[in-house]
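A.B. asks: sequence and predicted structure are below.
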Amino acid sequence: MKKVFSVLLLIIIGAIFYSFGIAVYENAKVDKMINEFKSQGVLNEEKSTDKRKYYEVESKIELDETTYIEYNGEFFMGNIGDILVTRESPFPELIGIHQFVSYNFGGHAAMVIGENELMEIAGFPAKGENILQYVFHKIEYDEEGNSNHNFEGAVLHTASNYFIRKYSNGTYYRNKSIGLRVKSTAAERRMAVDHINELKRKNVIYNYMFWLDTKEKYYCTDLMSRSYQSILDENGKSKYTLNDDGFITSVNDLILSKDTMISTYFEVDKNGIEHVYYLVNKKWGCKEMKN
């Protein structure tokens, strides 16, 4: 028994070190990708202000539509079907846990589904609900496709595009955000949106088990990956894979996927100046800014 325990302990320790090594490698690679993306930015002086600077990055892949939406005079990261992510966890007040989750898994992901509109799912139960209720709930549907629960908190829902918008207290959701474009057609990106809208109709709930119980439950990055995984080729196989390792889908997995590319990037510097980078086709130039 002692020998078995020792072997199990060694396996656990090895897994921890292996996981940490993967996280170090992936974070370094993502940092490099972001720095390269920023280095290619050319200031759009006509669009920039003292508070916000806009930079155009020439796309190496022909874009079939802009990588942002301008709505009511406001700039929003991402276009229909694009994925917005942050690398910081949703728990900044939990010292230690916040840093661990951010480094190993990242923060949050949402899909742009319209002008100033996102679809997302997050693990925050409503008042009177608890995580165990979600974990042990077995989802079933009636003949009309309605689910057998009345959860309100940790469910798939729509929200305004808050990623680079200041809150009333003058802060941002996160000081750094990344927009991802799946290397697909605009029509396929809308297929992903249609899929995620159908999941909302089914009222799917958050998956706190992550790698288990995945049939009818989702977590934020998993939702993005599986929505694109639903797009099939002529042989009935998924055309896009946003999680190459097939394990828990992290933010870094989405960024590093061969099927995605960084299309927008936002950060706030130490002086409070906002910097927005976005892909454009060379032929568009600085003046063609309409969606």
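C.D. replies: All right, it came through fine.

A.B. asks: any idea of the mean pLDDT for the helix or strand containing M111?
C.D. replies: Using DSSP states H and E, M111 maps to strand 109-114. The average pLDDT within strand 109-114 is 97.

A.B. asks: what of stretch 267-275?
C.D. replies: For stretch 267-275, the mean confidence score works out to 95.

A.B. asks: stretch 81-99 now?
C.D. replies: The average pLDDT for stretch 81-99 rounds to 81.

A.B. asks: ok, now stretch 181-200?
C.D. replies: Stretch 181-200 comes out with an average pLDDT of 97.

A.B. asks: residues touching that stretch, excluding its own?
C.D. replies: Residues from elsewhere that reach stretch 181-200 (CB atoms under 8 Å, 6 or more residues apart in numbering): 61, 63-65, 67, 79-83, 111, 113, 119, 156-158, 218, 223, 227-228, 230-231, 239-240, 242, 259-261, 263, 279. Every C-beta, even on glycine, is put in place using the N, C-alpha and C of the backbone.

A.B. asks: show me these that map onto helices.
C.D. replies: 223, 227-228 (DSSP state H).

A.B. asks: spell out for me which residue occupies the centre of this protein.
C.D. replies: What sits nearest the mean C-alpha location of the chain, by CA atoms, centre = their mean, is A109, with 2.5 Å.

A.B. asks: that one bridge partners, please.
C.D. replies: Beta-bridge pairing of A109 under DSSP bridges involves V85.

A.B. asks: shaky segments in the stretch 151-291 of the chain?
C.D. replies: Applying pLDDT under 70 to the stretch 151-291 of the chain flags the ranges 213, 283-291.

A.B. asks: any buried residues in the strand holding M111, and which?
C.D. replies: 109-113 (16 or more other CB atoms under 10 Å).

A.B. asks: next one: stretch 187-197
C.D. replies: Under 16+ other CB under 10 Å, the buried positions of stretch 187-197 are 188-189, 191-193, 195-197.

A.B. asks: kindly report the same for stretch 148-160.
C.D. replies: 149, 151, 153-156.

A.B. asks: next one: stretch 114-124
C.D. replies: Buried residues in stretch 114-124, counting neighbours by 16+ other CB under 10 Å, are found at 117-122.

A.B. asks: can you give me how far it is from the chain middle?
C.D. replies: The chain centre lies 10 Å from the centre of stretch 114-124; the measure is CA atoms, centre = their mean, to the nearest Å.

A.B. asks: measure it end to end?
C.D. replies: 24 Å (CA to CA, to the nearest Å).

A.B. asks: listing partners with orientation, what would you give for the longest strand seen in the chain?
C.D. replies: What stands out as the longest strand in the chain, according to DSSP state E, is strand 260-268. Sheet pairing of strand 260-268 (DSSP bridges) gives strand 176-182 (antiparallel), strand 274-280 (antiparallel).

A.B. asks: check contacts around L232.
C.D. replies: So L232 contacts 238-239 (CB under 8 Å, 6+ apart).

A.B. asks: if we can go back for a sec, could you dump the ones in helices among the contacts of stretch 181-200 into TSV and include distance to L180?
C.D. replies: Formatted as TSV, the ones in helices among the contacts of stretch 181-200 follow (distance: CB to CB, whole Å):
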residue	distance to L180
L223	14
S227	13
Y228	10
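
A.B. asks: closest to N169 among those residues?
C.D. replies: Among these, L223 lies closest to N169 (CB to CB), at 28.6 Å.
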